[in-house]
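Undergrad: below is the sequence, then the predicted model.
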Amino acid sequence: MEQQSPLIRCESIGLALDGRAIIKNVSLEVFAGEVLALVGPNGAGKSSILSVMAGDVPATSGMASLGGKDVTKYRPDEAARVRSVLMQSNQVSFPFSVGEIVDMGRAPWARTPQFSEDDEAIEQALEQADVAHLVERRFNQLSGGERARVSFARVLAQRTPVVLLDEPTAALDLKHQESVMRAIRGLADRGCAVVVVVHDLSIAAGYADRIAMIVEGKLEAIGTPGEVIVADRVSRVYGVEVDIESIGRPPRPVILPRREKK
């Protein structure tokens, strides 16, 4: 990847909530055309880092920037044209239809030239997320996995250069985990900078260009999947003995927990 200015930059960011340090001096960069996966144990601070990147939560120290601009300096409408965000909660207070939810992703582009792309963007997003057949259904009548895919379709329809995703595969079956991750890979291949929080290390290793492992609010390691996902580190961080195998072309690590037979 040729050197370029990062679309996302975190410079020594820290976050304290109720007197407790959630993020501790984390620095990282994400470039156009790459997927960075944030991995780590529950409660490590991954979602908080994503929230700081999005500008939803201001860092207590340090600075997060998007496109070279302090994320806290964006107006809400301006930020929504730069980054799209999928957080863990997929709750909607009113009984909107699936079509209406995905259409919300186009709201930032009202009264701009990109408004002309609305129909195409919505149709493509519905297909990519495999929810076109649900377009007339009410969001609050869907299963958890269906809601997750509809919310992902809204993000796809938004068509921003920066995409921030918090556990987009958590509620999905195997088929849709793979299709969502392929769509995420496609976003990067088209030039987006994508940050995705993933708990499944094998999925992260299979699709990410780089992985950042977060432990107790700190950046434990960052690099290619092969550099970060190594047996001794995974075993130490997660408290589970594992073996690592490399499969595919190019080789990608697959994590195999050791299970004793009784």
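TA: On my side now, so go ahead.
Undergrad: got the contact list for stretch 239-253?
TA: The contact list for stretch 239-253, computed with C-beta atoms under 8 Å, 6 or more residues apart in numbering, reads 201-202, 205-206, 225-226, 229-231, 234-235, 254-258. In this view, the C-beta of every residue, glycine as well, is placed from N, C-alpha and C.
Undergrad: can we see that at 10 Å?
TA: Residues from elsewhere that reach stretch 239-253 (C-beta atoms under 10 Å, 6 or more residues apart in numbering): 41, 201-202, 204-208, 211, 224-235, 254-260.
Undergrad: assumed I214 was part of a strand.
TA: Yes: I214: assigned to a strand according to DSSP: H, G, I helix; E, B strand; the rest coil.
Undergrad: check G248 and give its pLDDT.
TA: Model confidence at G248, given as pLDDT, is 79.
Undergrad: tally of neighbours for it?
TA: 10 (other C-beta atoms under 10 Å).
Undergrad: got it, and Y238?
TA: With other C-beta under 10 Å as criterion, Y238 counts 16.
Undergrad: ok, it touching L201?
TA: Yes: using C-beta atoms under 10 Å, Y238 makes contact with L201 at a distance of 8.5 Å.
Undergrad: give me the common contacts of these two.
TA: What both Y238 and L201 touch, as defined by C-beta under 10 Å, 6+ apart, is the set 39-40, 255.
Undergrad: would you map out the domains in the protein?
TA: 8-82+160-257, 94-159 (automatic domain parsing).
Undergrad: ends of the shortest one, what's the gap?
TA: Which is domain 94-159. Length of domain 94-159, first residue to last, C-alpha to C-alpha, to the nearest Å: 24 Å.
Undergrad: just give me how far that domain sits from the chain centre.
TA: Computed by C-alpha atoms, centre = their mean, to the nearest Å, the chain-centroid distance of domain 94-159 equals 17 Å.
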